[in-house]
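**Student:** quick one: sequence and predicted model below, then my questions.
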Amino acid sequence: LYLPPRLARPAGCGFIGRHLATYLLDNELAQEVRIADKTPPQMAWLNAEQARLFDSDRVDFCSANLINAASCKAAFAPHPTTGRAWDIVINCAAETRANQDDAVYKEGILKLSLNCANEAAAQRVKRYVELSSGCVNSSEKTPLKEDCKLEPWTGVAKQKLKVEKELPNINDLSYTIVRLPVVYGIGDKRYLMPRIIIAAIYKHLGETMKLLWNDAMRLNTVHVLDVCAAIWQLAQSPKTAGQVYNIVDDSASTQGSISNLLVDIFDINVDYFGIVMSNLTKLYPTDTVGEINDKHMAPWAEICQGSGIDNTPLTPYLDEEQLHHKHLYLDNTKLKDFGYMLKHPKVTRELLMEMINDYVQQQLFPKSLTL
């Protein structure tokens, strides 16, 4: 008799966490799932399908601030009804907002993750999975393997790599680390969605969308369902304990390939400032990002107002980190050698339209921009 394992998932109301819980329950992969998050489901901008997840008898939601050790310990407590402990812990929690102070990242990533990892070790869970960042170095010509030289270029990645270095030092912790590129899919608000919104704004303005740098800038991607399925398979295997895996698709996505999909969707033109002109923005990065946001924020507010959308979590707002000329280019050979087969090997127009249409259905994205 096979009894599916029991899972605890810190920050389960977030973009990846909600999909992971849905994937596990829809595929009958887990007996019980605990979702621990400081954001209640009612405030997490879930769509109807994701909201129904919390009606399941197999889902236990726990309100927790995982930065606080006592709150973290409570999140790992046995199931309140069955009294059973958790077999697998998947840490989706992290401070992921760009351009925060180091102290914010240190607390919201390093401290939080080590709280979770130490508690997982104390509970002798069968596997602890840490979601890490793919922004470990910048390479244009060669995709980076898991053992590449580490020169992280975002505040999030710097603290995530510190977590990676600490996990082997925790006694009795069986762990696996996954490094992620740009994750997209239904419910994405922070990764590809701002680019989608900006392209839609240029449709509204009737202007050419002109971007910094060039079309060759690497911007590797992976669909959120592949993240979920790969995590599950990796968490089940004894071979993956103590290992790091890149979860990335076969698109070899670039700024140009993503922009071309948006050109097709919104029937706009795209151009680039080029390397020389874009390098000048490094002299005044704050002014540059301010001008860009000024260009986009007012029209977005106007479009939403005209469409009767009074409140939406979607925004074209960009942070300085998102304008850096850094290449996100990861090698997925190790993941494939393990045996994982991608469900969505390429980014497609249809997959991006799924994202847009889901937000249109929730009345969070103006339908007029899709016509």
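**Tutor:** Okay, I see it.
**Student:** do a quick rundown of the helices in this structure.
**Tutor:** 15-26, 48-52, 69-75, 102-105, 112-122, 155-166, 193-205, 224-236, 255-266, 274-279, 285-306, 333-338, 349-361 (DSSP state H).
**Student:** which helices and strands does the third one pack with?
**Tutor:** Pointing back at helix 69-75 there. Identification of packing neighbours for helix 69-75 by 3 or more CB pairs under 8 Å, 6 or more residues apart in numbering; DSSP states H and E yields strand 6-10, helix 112-122. In short, each C-beta sits where N, CA and C put it, glycine included.
**Student:** also the shortest one?
**Tutor:** Taking 3+ CB pairs under 8 Å, 6+ apart as the contact definition, the neighbouring helices and strands of helix 102-105 are helix 155-166.
**Student:** run the angle between the helix it packs on and helix 112-122 for me.
**Tutor:** Here the directions of helix 155-166 and helix 112-122 differ by 30 degrees (axes from the mean of the first three to the mean of the last three CA atoms, to 10 degrees).
**Student:** would you check that residue 31 makes contact with residue 6?
**Tutor:** Yes: Residue 31 lies in contact with residue 6 (CB atoms under 8 Å); the separation is 5.3 Å.
**Student:** look at the two and report which has more neighbours.
**Tutor:** Each of residue 31 and residue 6 has its neighbours counted (other CB atoms under 10 Å); residue 6 has more, 22 against 16.
**Student:** measure how buried the residue nearest to residue 272 when sequence neighbours are not counted is and give me the count.
**Tutor:** Distances taken as CB to CB, 6 or more residues apart in numbering place residue 214 nearest to residue 272, at 4.8 Å, with adjacent residues excluded. For residue 214, the number of neighbouring residues by other CB under 10 Å comes to 15.
**Student:** correct me, but residue 214 touches residue 270?
**Tutor:** No: with contacts counted by CB under 8 Å, residue 214 stays clear of residue 270, the gap being 11.2 Å.
**Student:** and the helices of the chain: which comes nearest residue 136?
**Tutor:** Each of the helices of the chain was checked against residue 136 via CB to CB, and the shortest separation belongs to helix 155-166, namely 6.0 Å.
**Student:** residues touching the nearest residue in space to residue 135 that is not next to it in sequence, list them.
**Tutor:** The shortest distance from residue 135 to any residue that is not its chain neighbour, by CB to CB, 6+ apart, is 4.0 Å, and that residue is residue 157. With CB atoms under 8 Å, 6 or more residues apart in numbering as the criterion, the residues that contact residue 157 are 133, 134, 135, 136.
**Student:** any idea how far residue 157 is from residue 289?
**Tutor:** 19 Å (CB to CB, to the nearest Å).
**Student:** likewise residue 335?
**Tutor:** Taking CB to CB as the measure, residue 335 falls 34 Å from residue 289.
**Student:** again with residue 40
**Tutor:** Relative to residue 289, and taking CB to CB, residue 40 is found at 32 Å.
**Student:** do residue 318 as well
**Tutor:** Residue 318 sits at a distance of 6 Å from residue 289 (criterion: CB to CB).
**Student:** pull the contacting residues for the closest residue to residue 261 other than its chain neighbours.
**Tutor:** Take residue 261 and drop its neighbours on the chain: the residue closest to it by CB to CB, 6+ apart is residue 349, 5.4 Å away. Taking CB under 8 Å, 6+ apart as the criterion, residue 349 is in contact with 261, 264, 265.
**Student:** output those residues as CSV; include the columns neighbour count, pLDDT and distance to residue 343.
**Tutor:** Below are the contacts of residue 349 laid out as CSV (neighbours: other CB atoms under 10 Å; pLDDT from 0 to 100; distance: CB to CB, whole Å):
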residue, neighbour count, pLDDT, distance to residue 343
261, 21, 98, 18
264, 11, 98, 22
265, 18, 98, 22
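**Student:** surely residue 316 and residue 301 touch.
**Tutor:** No: Residue 316 sits out of contact with residue 301 when judged by CB under 8 Å, with a separation of 10.0 Å.
**Student:** show me which of these two is the more surrounded one.
**Tutor:** Between residue 316 and residue 301, counted using other CB under 10 Å, the more crowded position is residue 316 (21 against 13).
**Student:** next one: the more buried one from residue 202, what distance?
**Tutor:** Using CB to CB, one obtains 10 Å as the distance from residue 316 to residue 202.
**Student:** with residue 232 instead?
**Tutor:** For residue 232, the distance to residue 202 equals 39 Å [CB to CB].
**Student:** before we move on, what about residue 191?
**Tutor:** 19 Å.
**Student:** cool, residue 135 as well?
**Tutor:** Taking CB to CB as the criterion, residue 135 is separated from residue 202 by 27 Å.
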